[in-house]
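Peer 1: Could you look at this predicted model? Sequence included:
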Amino acid sequence: MAADSDDLLKAIREVKTAVEGKTTTASALVWVLLAGLVFSWLDSAWHSKLRYAIEYDVSSSKVTIDDVPHGCAFLAAPVGEKYCHHERTIQAVYWATSTAGNPIVSYDDGKTWSTFTPDAGVTVPKYKTAQSVNISWEKKDD
């Protein structure tokens, strides 16, 4: 009789150990998924319209962010590694007034400027001022 109760206690301990192990594995998986979601959210929050509006001193309506292409995604057809990724490309459009008094525009962060004709009633700033910001994506091979 004592041997049967010892076997029963041993079996109960084995079941308890197995259940506790599954709980630990499940909770670890939940923590990993939550960490991934938080990391993804932080990346999205950091690269938000609000951030670029503040950085370039424009209203958030003047900031456009293109959708990330899915061509490099693992699950995109054909399924599997594509050996590529997409990087953000930021292009700010700047306006200013030239020393000759003409309105000028730059599409390459002020490296080159060209004259333009603004819409009627639009005031062109005297100094380099961002007018809009566009975030697009460039495909890079790995």
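Peer 2: Yep, that arrived.

Peer 1: what are the ranges of the helices in the chain?
Peer 2: Counting by DSSP state H, the chain has helices at residues 2-46, 49-56.

Peer 1: Compare the mean pLDDT across those helices and name the weakest.
Peer 2: Here the lowest mean pLDDT among those goes to helix 2-46, at a mean of 79.

Peer 1: Give me the distance from it to the chain's centre.
Peer 2: For helix 2-46, the separation from the chain centroid amounts to 31 Å (computed by C-alpha atoms, centre = their mean, to the nearest Å).

Peer 1: quick check: angle from it to helix 49-56?
Peer 2: Between the axes of helix 2-46 and helix 49-56, defined by axes from the mean of the first three to the mean of the last three C-alpha atoms, to 10 degrees, the angle is 40 degrees.

Peer 1: just to revisit the earlier point, point out the most buried one among the helices of the chain.
Peer 2: Compared across these, helix 49-56 shows the largest average neighbour count, a mean of 15 (mean count of other C-beta atoms under 10 Å). For the C-beta atoms, the positions are set from N, CA and C on the backbone; glycine is no exception.
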